[in-house]
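In: What would the 3D arrangement of this be:
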Amino acid sequence: MTAFKMLEGQRILVVGASGDIGRALVDRFLAEGARIIATAHLHPERLTTEFTSHGDSLAVEPLDVTSEDSVQELVKKVSGGDELSAMVFNSGIIRDNPVLGMEDEDWLSVINVNLNGAFRVGRAFGKLFFRRKAGRMLFVSSVAGKQGGRGQANYAASKAGLEGFVRSLAADMAPRGVLVNAIAPGPVESRMTRDVMALAPEEVLRRVALKRLARPSEIASAAAHLLAPDMTFMTGQIIGIDGGFNL
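Out: Residues are numbered from 1 along each chain as shown. Take a look at the predicted model:
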């Protein structure tokens, strides 16, 4: 008996696949039968090496989300194959510092990747889905977008902006049947949160009702379910996957 795979036959673009959550997204989508185009800005060849066992089910492409030329180059490559079923935007960086000590570059670089990058990619691939009158767009936000965080004004602002962008994009795309949502993870076992946990582990866990960090695979599981073919009446939503953050 063949095991059920919820994403069988889908072709999914994962933007920002080199981090812990990105790798978990790729792993889960592949396990669910999807074919993946994964992007990385720095060292995309490392992803190619890591996922060699998946053969034709996975392609790796370079992408700099801060560059419109780079985004358009990827659009050309992706639109040349089978139709894309879904796009997941997972690119993000942090440059933590208290506001009074934050340099302009710390602010601008985070906004340019996390928010402006989402706009560039969302606009470009939204056009493909708009023409087809079908498709899914999923963005990875953070609890910081709603809660803020000490030393994270740039990151929190970028995620709050991202969530507003997702709701507005969902409204624009709904008449064409394209679903646009976001997931907002709480603290996750990842390289990105390692430094924060080293500085204030008790403070972080005190805010999580389940008293632990999320595993990247748990974030990927939620994403896979949101992209499933039978999830057809949800759009413009920000889904918290945060273990009861600040309950």
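
In: Give the buried residues for whichever strand or helix holds Thr49.
Out: When elements are assigned from DSSP states H and E, Thr49 belongs to helix 44-50. Buried residues in helix 44-50, counted by 16 or more other CB atoms under 10 Å: 44, 47, 50. For every residue, glycine as well, the C-beta is placed using N, CA and C.

In: Just put those in JSON lines and tack on pLDDT.
Out: Shown next, in JSON lines, are these (pLDDT from 0 to 100):
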{"residue": "Pro44", "pLDDT": "77"}
{"residue": "Leu47", "pLDDT": "75"}
{"residue": "Glu50", "pLDDT": "73"}
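
In: Can you list the low-confidence ranges for this protein?
Out: Filtered on pLDDT under 70, the chain yields the residue ranges 1-2, 52-54, 195-200.

In: need the strands for it, in chain order.
Out: Along the chain, counting by DSSP state E, strands occupy 11-15, 35-40, 58-62, 86-89, 136-140, 179-185, 238-241.

In: Sheet-wise, list the partners of the fifth one with their directions.
Out: Here strand 136-140 is paired, per DSSP bridges, with strand 86-89 (parallel), strand 179-185 (parallel).

In: With distance to Ile238 and mean neighbour count as added columns, please give these in CSV.
Out: Converted to CSV, the strands paired with strand 136-140 look like this (distance: least, CB to CB, whole Å; neighbours: other CB atoms under 10 Å):
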stretch, distance to Ile238, mean neighbour count
strand 86-89, 14, 26
strand 179-185, 5, 25
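
In: Make JSON lines from those and add distance to Ala59 to it.
Out: Below are these laid out as JSON lines (distance: least, CB to CB, whole Å):
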{"stretch": "strand 86-89", "distance to Ala59": "14"}
{"stretch": "strand 179-185", "distance to Ala59": "24"}
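
In: Quick check: closest non-adjacent residue to the most centrally placed residue in the chain.
Out: For the chain, the residue sitting closest to the mean C-alpha position, by CA atoms, centre = their mean, is Asn90 at 2.4 Å. Nearest residue to Asn90 in three dimensions, chain neighbours excluded: Gly16, at 3.8 Å (CB to CB, 6 or more residues apart in numbering).

In: Run through the neighbouring helices and strands of the longest helix anywhere in the chain.
Out: Assignment by DSSP state H gives helix 153-173 as the longest helix of the chain. Packed against helix 153-173 by the contact rule (3 or more CB pairs under 8 Å, 6 or more residues apart in numbering; DSSP states H and E) you find helix 104-111, helix 117-132, strand 136-140, helix 144-147, strand 179-185, strand 238-241.
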